[in-house]
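Engineer: A predicted structure for the sequence below; I have some questions about it.
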Amino acid sequence: MGQFQPKHFITKNGESFLLRTALPEDAEKVLRFNKAIISEAPYLLTTETEFKVSYDQEKQFLKHIVDDNGKLAIIAEYQEEIIGFLDFHNGHKKRILHQGAFGMSVANEYRNQGVGKALLTVLLDWAKDNPLIEKVYLEVFADNTNAICIYENFGFVEEGRKLKAIKIDNETYYDLILMGYFTN
């Protein structure tokens, strides 16, 4: 099952926050968080106009993750409000079940406070304890140097680059860097 024991962390400002498994009953809060993040975060693929997830779809998505040994969704909460979210999905075919990718977002006012590091710590601890998972990987905007630095500090290594993978408009492109971390 895609679950872990809740853990408390402290922000750089000294505030305690909780990391716990995202459950189907969190669907409304997760949707609200995602809508807010999409409107403010420059490094997400989904735009506001593209985000059309219903409550029922989100609830089913979270249920699917909780029920699957190779998937995990983590909520970071401060005073019962979501301040961060991470979801990890392993491969859906036999030959790629051993690896998976994740996406992570942190509310603007909690960035650079240790929330992303806490989310990543819990993910990697879970992955190391999961006999199914041997590799965790991600794609990150090449100019998102803060995120790249965090990933490198955790032991992720650059595995490649997708040139002009992101198109903002007819003149603006961004490369994506592929990074991987082996759990053993």
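Structural biologist: Happy to help now that I have it.

Engineer: confirm that A76 sits in a strand.
Structural biologist: Yes - A76: assigned to a strand according to DSSP: H, G, I helix; E, B strand; the rest coil.

Engineer: for the spatially closest residue to it that is not a sequence neighbour, give the beta-bridge partners.
Structural biologist: With C-beta to C-beta, 6 or more residues apart in numbering as the criterion, A76 has its nearest non-adjacent residue at 3.2 Å, and that residue is G84. C-beta coordinates here come from the backbone N, C-alpha and C atoms, glycine included. Taking DSSP bridges as the rule, G84 bridges to A76, V106.

Engineer: G84 and G116 touch, don't they?
Structural biologist: Yes - counting by C-beta atoms under 8 Å, G84 does reach G116; the two are 6.8 Å apart.

Engineer: who has more neighbours out of the two?
Structural biologist: Between G84 and G116, G84 has the larger neighbour count (other C-beta atoms under 10 Å), namely 24 against 21.

Engineer: just the pLDDT for that one.
Structural biologist: At G84, the model reports a pLDDT of 97.

Engineer: lowest average confidence, helix or strand, in this structure?
Structural biologist: Least confident helix or strand of the chain, by mean pLDDT, DSSP states H and E, is helix 27-40 with a mean of 93.
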